[in-house]
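Asker: 3D model of this:
(one chain, ligands or ions: 2)
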Amino acid sequence: MSGVSTMIEVSDLNKTYRRGLFGSTATPAVSDVSFKINRGECLGLIGESGSGKTTLGKLLLRLIEPDSGTATFEGTDLFALKNRDLRRLRLKMQMVFQDPTSSLNPCMTVESCIDEALKRRGVRDRKERERERLGLMEKVGLGPEFLRRYPYELSGGQTQRVVLARALAVKPSFIVADEPTSALDVSVQAQVLHLMKNLQAEYGITYLFISHDLDVVRYMCDRVAVMSGGRIVEIGETESVFNRPQHSFTASLIHQNSELDTFLKEKTDSISRTPSQDLISDQRQETESLTQ
Ligand SMILES: Nc1ncnc2c1ncn2[C@@H]1O[C@H](COP(=O)(O)OP(=O)(O)O)[C@@H](O)[C@H]1O
Ligand SMILES: [Mg+2]
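Answerer: Ligands and ions are numbered 1, 2, ... in the order given. Below you'll find the model as predicted:
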């Protein structure tokens, strides 16, 4: 492909969590991980729970420190940055978490939360911030009336839209989205994914998109990396990884996903065929056991 340029390059990254006296309990979370993220792409990261996906995302944003390894962001040595340089770089990188409510300060209105991000970017003029706030709300599909609300007055989907508006306020070039729609209803999930895709196209944002949902990854991602036991076992174009998995772990992940789909479909079909009969017999059994 022509015109592909590297935004992030990771080499031999390692992270082990240590707890207990003198770090006696060690959990290796990321082991010898090397990969690249191209500018403007959406790289998916899939793998079973506990395989190290969140840890890898946090390492790239310097939310936690690695034990060893290197990473560059647009040619800059990511792990060597300190203080002011690190703060400046953090403006270019944002993280969107699974649980949107815990990522917003419950005591701050939507307005002050976005305002804070704009100030961090150095937008000093009050009128300019007001204009930008309204523009950002429009971009994420929320009316200006939402600016006065507190997080507890928002639904899950609305909260995730606010989180996206706040992330966009600093004009990031890279976003780690960690299971961003897993906590949302299916229909809301589709809307937020669609929004994220549009924002990516409009702002040319690069995503590391972490998800356990293979259908979501297939919809969102240009390439996909597969993690197992802290290692990336496979990486490639999304369609070729899904259609011709090279690693047995990837194949079993895809197989499990299709088995789950079939299982859920069968369940849904049987529920829609005989809803009342099943319910009646369940309730009857419960009543009988209560009265015995
Ligand atoms: N703060 C932590 N302290 C100790 N162990 C952790 C911590 N965070 C994650 N782990 C462990 O590291 C491994 C990888 O976790 P994580 O990166 O959250 O995986 P994933 O996001 O793929 O589910 C798991 O075994 C998990 O229990
Ligand atoms: Mg995780």
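
Asker: for the stretch 101-250 of the chain, what are the low-confidence residue spans?
Answerer: For the stretch 101-250 of the chain, no stretch is flagged by pLDDT under 70.

Asker: 90 instead, please
Answerer: 101-103, 182-187, 212-213, 249 (pLDDT under 90).

Asker: Let me see the ranges of the helices in it.
Answerer: Ranges of helices in the stretch 101-250 of the chain, per DSSP state H, counting those that start in this stretch, are 110-120, 126-139, 156-169, 186-203, 214-220, 238-243, 248-273.

Asker: Just put the ones you listed in TSV and tack on mean neighbour count and distance to Ser102.
Answerer: In short, each C-beta sits where N, CA and C put it, glycine included. Shown next, in TSV, are these (neighbours: other CB atoms under 10 Å; distance: least, CB to CB, whole Å):
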stretch	mean neighbour count	distance to Ser102
helix 110-120	19	13
helix 126-139	15	21
helix 156-169	23	10
helix 186-203	15	17
helix 214-220	19	21
helix 238-243	16	30
helix 248-273	12	27
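
Asker: Need those in JSON lines (columns: distance to ligand 1).
Answerer: Converted to JSON lines, the helices of the stretch 101-250 of the chain look like this (distance: least, CB to the nearest ligand atom, whole Å):
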{"stretch": "helix 110-120", "distance to ligand 1": "25"}
{"stretch": "helix 126-139", "distance to ligand 1": "29"}
{"stretch": "helix 156-169", "distance to ligand 1": "18"}
{"stretch": "helix 186-203", "distance to ligand 1": "19"}
{"stretch": "helix 214-220", "distance to ligand 1": "14"}
{"stretch": "helix 238-243", "distance to ligand 1": "17"}
{"stretch": "helix 248-273", "distance to ligand 1": "12"}
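
Asker: quick one: average pLDDT of stretch 263-272?
Answerer: For stretch 263-272, the mean per-residue pLDDT is 66.

Asker: hang on, isn't Thr159 packed against Pro106?
Answerer: No: between Thr159 and Pro106 there is no contact under CB atoms under 8 Å: 10.9 Å.

Asker: what's the overlap in contacts for these two?
Answerer: Jointly contacting Thr159 and Pro106 under the rule CB atoms under 8 Å, 6 or more residues apart in numbering are Pro151.

Asker: Show me how the protein divides into domains.
Answerer: 6-105+172-246, 248-292 (automatic domain parsing).

Asker: how much distance is there from stretch 198-209 to the middle of the chain?
Answerer: Using CA atoms, centre = their mean, to the nearest Å, the distance from the centre of stretch 198-209 to the centre of the chain it belongs to is 13 Å.

Asker: Same question for stretch 71-90.
Answerer: Per CA atoms, centre = their mean, the centroid offset for stretch 71-90 relative to its chain is 21 Å.

Asker: again with stretch 165-179
Answerer: With CA atoms, centre = their mean, you get 10 Å for stretch 165-179.

Asker: same thing with stretch 45-53?
Answerer: Offset of stretch 45-53 from its chain centre (CA atoms, centre = their mean): 12 Å.

Asker: average pLDDT across it?
Answerer: Mean pLDDT, stretch 45-53: 95.

Asker: buried ones in it?
Answerer: Counting neighbours by 16 or more other CB atoms under 10 Å, one finds that the buried residues in stretch 45-53 are 45-48, 51-53.
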